[in-house]
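> Everything below, folded, please.
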Amino acid sequence: MRVVTCLCAREADDGPVGSRRGRSPGAAASPGAGGRRLCGLLALWLSLACSEGAPPAIGCGELPKARAPEGASVVLVVNDTMRRDRMGIHGGGAATPNFDRFAEEGWWFRRAVSQAPWTKPSIATLFTSLYPTQHGVVTHPSGQLHAGQDLKRELQTSDRLSASGATLAEAYRAAGFRTAAFVANPWLDRRFGFGQGFEHYDDSFARWGVPGERVMEAALEWLATLRPDERFFVYVHTIDTHRPYPAVTWKEVKTALEEPPPRGPLSPRAKREIASLLRLEGPRPPGAQPPAKRRVVQRAYDKGIERFDAAFGVLLRGLERDPRHDRIGVLVTADHGEALYRRGYGNHGLGLYQAELAVPLAARLPGSGRGEVDCRVGLIDVMPTLCDWSGLECSEQMMGRSLFDGGSGDESPDELYFAQGTMVDPNQRAVYQGRYKLIHSPGPRADARTSASPWALFDLQDDPREKRNLLAERPRPPEVERIFATLHMALDHALPSGAVLEPDHAPIDPELEERLRSLGYLQ
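Just a heads-up that it's a prediction; the model follows:
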């Protein structure tokens, strides 16, 4: 990963600008195009990425070309709905000692982003290195409701990951690895195609809120059945941070209410929803109920992160006892974040803001080194990175790229990264480059706000919480107009479009529907 000579210092949730390669705006969105360089925009972006008077530079370094030691194996961990800025190491309120220590001892990617704000399209991207419009796993009942369709009728089927694609698990299995998955989200039910490539796919946890610790233990039990000389790829997906959130104590409620309240009122609907989410445990004053406050629901959410961190510790300690531990690579991340009522709604999958797209990402890959990486990376890069490190022959259709490129000599600033596919409108899209992010929301919006324009442009370095839409300024500064034109062009010409995989669908039975409803997916 090559570093731009002028770097902007990190701030809050995002950080400095690094360098990566991208696709040319004029390149066709064809298989194998993922590694092509962005040609027409790069010269301009050298001036946009770093401005005069910027804070002191903090470089992101290079990730040298790396290969796994002989006989190395991989464990890929995803915790559902885990916002990056709530993690302890990122300055958040959740205590995450296991993740923090793991990140500090390996590769800590400070600016990782998901390519979709809800589970099904995000995990399909993770396993194929294709954007949502390419793998086609994008539709959700909420969008059908907004389109005025009959939800009951539409719930009879849902799109699934097509067997025509080449997945990360299939690449490992073709190379002789033993492959297993242990998943707790009902969208990862085997009927949706995520089991392809796994010889053992345990979706029995995708029922009614199985704790992450139990999912981790099942993975460790499976590993114990393997011979010492067998290589493996294991995928573990927990939902400790997903709704319904853990119960809070009365002491935790009082502590949360001592924190400064966030700005902006809550709608009556949001207050009712928060009240339905909050549950008390332990001693309390007679008749006490937790108030419907954002600070309180945020504490309940943070407890979910802490439960995952404890479960992650169980996994790490189990792997340390494995005689192969010095040859086991581990990568841990999340599929997306959670809105937490910053914009009026509290779930996820409804917008392309950082609250729903910014995810934690850390990896320990023996033989690759360690360090803090400030360059933006995406979940779309996970498959090519693991394929590269493990020495696998993987699909040429991948749109991401290996993070271990050994320094390509490319002097561009950040690569273009895209996000797509909200639940309410799959046509929503966003593009990142350098310190800037452009969002296009042409259809329904979950925050119910109206605007004369469907466009929003944010400077993530100066405004990491995306409070100030630069396009709303009057008059617009010439530099803002220039940035907008550049990113608009990227969305029109550089965003990969068109299906790569053949469309496919799977049935939804009443039990699965109820499971999805219990997690808040069918509100």
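> three-state assignment of Gly346?
Gly346 falls in the coil class when you classify it by DSSP: H, G, I helix; E, B strand; the rest coil.
> count of residues packed around it?
By the measure other Cβ atoms under 10 Å, the count of residues near Gly346 is 25. C-beta here means a position set from N, CA and C on the backbone, and glycine is covered the same way.
> Check Val183 too.
Around Val183 there are 28 other residues, counting by other Cβ under 10 Å.
> so the nearest residue to it once chain neighbours are set aside bridges to which residues?
The shortest distance from Val183 to any residue other than its chain neighbours is 4.2 Å, reached at His237 (Cβ to Cβ, 6 or more residues apart in numbering). Beta-bridge partners of His237, counted by DSSP bridges, are Val78, Val183.
> Which per-residue confidence value corresponds to His237?
His237 is assigned 98 on the pLDDT scale.
> Let me know whether it touches Asn185 as I believe.
Yes - with contact defined as Cβ atoms under 8 Å, His237 and Asn185 form a contacting pair (6.0 Å).
> Overlap in contacts, the two.
Counting by Cβ atoms under 8 Å, 6 or more residues apart in numbering, the shared contacts of His237 and Asn185 are Asp80.
> before we move on, the earlier item: OK, contacts around the residue nearest to Val183?
Going by Cβ under 8 Å, 6+ apart, His237 touches 77-80, 123, 181-185, 188, 215, 335.
> again, only using 7 Å
78, 80, 183-185, 188 (Cβ atoms under 7 Å, 6 or more residues apart in numbering).
> Let's have the residues you listed in CSV, adding pLDDT and distance to Lys467.
Rendered in CSV, the data for those read as follows (pLDDT from 0 to 100; distance: Cβ to Cβ, whole Å):
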residue, pLDDT, distance to Lys467
Val78, 98, 29
Asp80, 97, 27
Val183, 97, 36
Ala184, 95, 34
Asn185, 93, 31
Leu188, 92, 34
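> List the buried residues of the helix or strand where Asp374 lies.
Element membership for Asp374 (DSSP states H and E) is strand 371-378. Of the residues in strand 371-378, those buried under the neighbour-count criterion (16 or more other Cβ atoms under 10 Å) are 373-378.
> Any regions of the protein where pLDDT drops low?
Segments of the chain classed as low confidence (criterion: pLDDT under 70) are 1-62, 141-157, 208, 406-414, 444-452, 519-523.
> And the contacts of stretch 87-100?
Residues from elsewhere that reach stretch 87-100, judged by Cβ under 7 Å, 6+ apart: 84-86, 103, 302, 305-306, 309, 312-313, 316, 332, 360, 362.
> Those residues in helices, which ones?
For the contacts of stretch 87-100, membership in helices holds for 103, 302, 305-306, 309, 312-313, 316, with DSSP state H as the criterion.
> just curious, which of the residues you listed is nearest to Asp322?
Proximity of those to Asp322 (Cβ to Cβ) peaks at Leu316, which lies at 10.7 Å.
> The closest one - how many residues pack around it?
Neighbourhood size, Leu316 [other Cβ under 10 Å]: 20.
> cool, and Pro268?
Neighbour count for Pro268, taken as other Cβ under 10 Å: 9.
> Which residue ranges of the stretch 351-500 of the chain form strands?
361-364, 371-378, 417-420, 429-433, 436-440, 455-459 (DSSP state E, counting those that start in this stretch).
> In CSV: these, plus distance to Met399.
Putting the strands of the stretch 351-500 of the chain into CSV (distance: least, Cβ to Cβ, whole Å) gives the following:
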stretch, distance to Met399
strand 361-364, 18
strand 371-378, 9
strand 417-420, 9
strand 429-433, 14
strand 436-440, 19
strand 455-459, 24
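> Tell me which of those strands sits nearest to Gly349.
So among the strands of the stretch 351-500 of the chain, strand 417-420 is nearest, using Cβ to Cβ, at 11.6 Å.
> Name the residues that touch the closest one?
With Cβ under 7 Å, 6+ apart as the test, strand 417-420 has contacts from 113-116, 131-133, 352, 357, 376, 378, 429-432, 495.
> just to revisit the earlier point, just the buried residues of the contacts of His237.
With neighbours counted by 16+ other Cβ under 10 Å, these contain buried members at 78, 80, 183-185, 188.
> quick one, strands of the stretch 1-150 of the chain?
Taking DSSP E, counting those that start in this stretch as the test, the strands found in the stretch 1-150 of the chain are 73-79, 107-113.
> Report the strands that pair with the strand holding Asp374, each with its relative direction.
strand 107-113 (parallel).
> Show me which residues of the strand it pairs with are buried.
Judged by neighbour count (16+ other Cβ under 10 Å), strand 107-113 contains these buried residues: 107-113.
> same question, stretch 275-288
By neighbour count, and taking 16+ other Cβ under 10 Å as the criterion, the buried residues in stretch 275-288 are 277-278.
> Pull the distance from that stretch to the chain's centre.
32 Å (Cα atoms, centre = their mean, to the nearest Å).
> go on, stretch 246-256?
Using Cα atoms, centre = their mean, we find the averaged C-alpha position of stretch 246-256 to lie 28 Å away from the chain's own average C-alpha position.
> contacts for it?
Residues outside stretch 246-256 that contact it (Cβ under 7 Å, 6+ apart): 278-284, 288, 290, 295-296, 299-300, 303-304, 307.
> hmm, 6 Å instead?
Among residues not part of stretch 246-256, those counted as contacts by Cβ atoms under 6 Å, 6 or more residues apart in numbering are 279, 281-282, 284, 290, 295-296, 299-300, 303-304.
> Could I get the buried residue list for that stretch?
246, 248-249, 252-253, 256.
> and which of those is nearest Ser402?
Pro246 (37.3 Å).
> Can you report how many residues lie near the nearest residue to the closest one once chain neighbours are set aside?
Leaving out its chain neighbours, the residue that sits closest to Pro246 by Cβ to Cβ, 6+ apart is Lys303, at 4.2 Å. Other residues within reach of Lys303, judged by other Cβ under 10 Å, total 20.
> What distance do you get for Lys303 to Met216?
Distance, Lys303 to Met216, by Cβ to Cβ, to the nearest Å: 18 Å.
> Can you report how many residues lie near the closest residue to Val382 other than its chain neighbours?
Nearest residue to Val382, sequence neighbours excluded (Cβ to Cβ, 6+ apart): Leu126, at 5.5 Å. Counted with other Cβ under 10 Å, the burial measure for Leu126 works out to 27 neighbours.
> I'd like the numbering to begin with 54 instead of 1 from here.
I'll keep to 54 as the first residue from here, and by that count the last item is Leu179.
> wait, Leu179 sits on Leu432?
Yes - applying Cβ atoms under 6 Å as the test, Leu179 and Leu432 come out as touching, 5.0 Å apart.
> What number of neighbouring residues does Pro281 come out with?
One way to gauge burial is a neighbour count; for Pro281, by other Cβ under 10 Å, it gives 8.
> Which of the helices or strands spans it?
Secondary structure (DSSP H and E) places Pro281 outside all helices and strands.
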